[in-house]
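Visitor: coords below, sequence missing:
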């Protein structure tokens with residue numbers, strides 16, 4: 001798995017062999033950032049939930065994001081994220097929370113420009129999680145929420161104030177991007 005763009009382009013990231021992780025492929029990550037750039041050009045602060053190897057957040061750091069908070073409850077994943085951050089030189093622009101997503105959402109209070117949600121495909125609570133995140137103060141009117149999910153488990157077009165802006169399928173992976181609905 002390689003970084004596909006930015007200052008760390010081409011660097012190979014470590015993954016955890018034998019675990020039931022589903023790392024986002026290079027091709028899909030490249031497509032994700034192409035989609036994101038068509039919506040908004042820059043982000044300062046990001047959140048990578050169910051981070052796994054940290055590939056999505058590290059890709060964002062490589063593409064000039066200033067800060068990323070990583071959340072994963074698996075200690076091996078947290079160790080791999082730390083190794084990947086050291087290897088790419090982004091350790092000083094990030095923090096790793098080795099806890100459940102629900103626990104992290106209980107104490108995180110920074111407003112994020114970009115939130116990645118990439119749970120295991122077997123997790124059937126993604127829609128509820130998007131709904132809950134939309135009600136948190138970590139989401140502003142400009143926050144983009146990117147959810148990666150199985151193309152067999154489609155998400156709603158709207159979760160309360162969050163509206164789907166785009167959805168693209170890449171094989172079994174589907175990417176849905178949400179933003180708060182602007183009301184005047």
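Guide: Right, received. Where do you want to start? Predicted model only: the values in this text are computed from it and were never measured.
Visitor: pLDDT (mean, whole number) over stretch 4-22?
Guide: Average pLDDT, stretch 4-22: 79.
Visitor: and the residue nearest the centre of the chain, what does it touch?
Guide: Nearest residue to the geometric centre of the chain (C-alpha atoms, centre = their mean): residue 116, 1.9 Å. With contact set as C-beta atoms under 8 Å, 6 or more residues apart in numbering, residue 116 has these partners: 46, 47, 48, 49, 51, 56, 57, 60, 146, 148. Every C-beta, even on glycine, is put in place using the N, C-alpha and C of the backbone.
Visitor: in this structure, which spans are strands?
Guide: Secondary structure of the chain (DSSP state E): strands at 45-49, 67-71, 94-97, 112-117, 139-150, 158-159, 162-170, 173-180.
Visitor: CSV please, covering those and showing distance to residue 129.
Guide: Shown next, in CSV, are those (distance: least, C-beta to C-beta, whole Å):
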stretch, distance to residue 129
strand 45-49, 8
strand 67-71, 12
strand 94-97, 16
strand 112-117, 7
strand 139-150, 8
strand 158-159, 9
strand 162-170, 11
strand 173-180, 12
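Visitor: Now mean pLDDT and distance to residue 4 too, for those strands, in CSV please.
Guide: Listed next are those as CSV, based on pLDDT from 0 to 100; distance: least, C-beta to C-beta, whole Å:
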stretch, mean pLDDT, distance to residue 4
strand 45-49, 97, 16
strand 67-71, 98, 16
strand 94-97, 98, 19
strand 112-117, 95, 15
strand 139-150, 92, 15
strand 158-159, 94, 29
strand 162-170, 92, 14
strand 173-180, 92, 15
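Visitor: thinking again about what came up before, can you pick the most crowded of the contacts of residue 116?
Guide: Greatest neighbour count in the contacts of residue 116, by other C-beta atoms under 10 Å, goes to residue 57: 31 neighbours.
Visitor: How about that one, nearest residue that isn't a chain neighbour?
Guide: residue 48 (3.5 Å; C-beta to C-beta, 6 or more residues apart in numbering).
Visitor: wait, isn't that neighbour in contact with residue 54?
Guide: Yes: if you go by C-beta atoms under 8 Å, residue 48 and residue 54 touch, sitting 6.6 Å apart.
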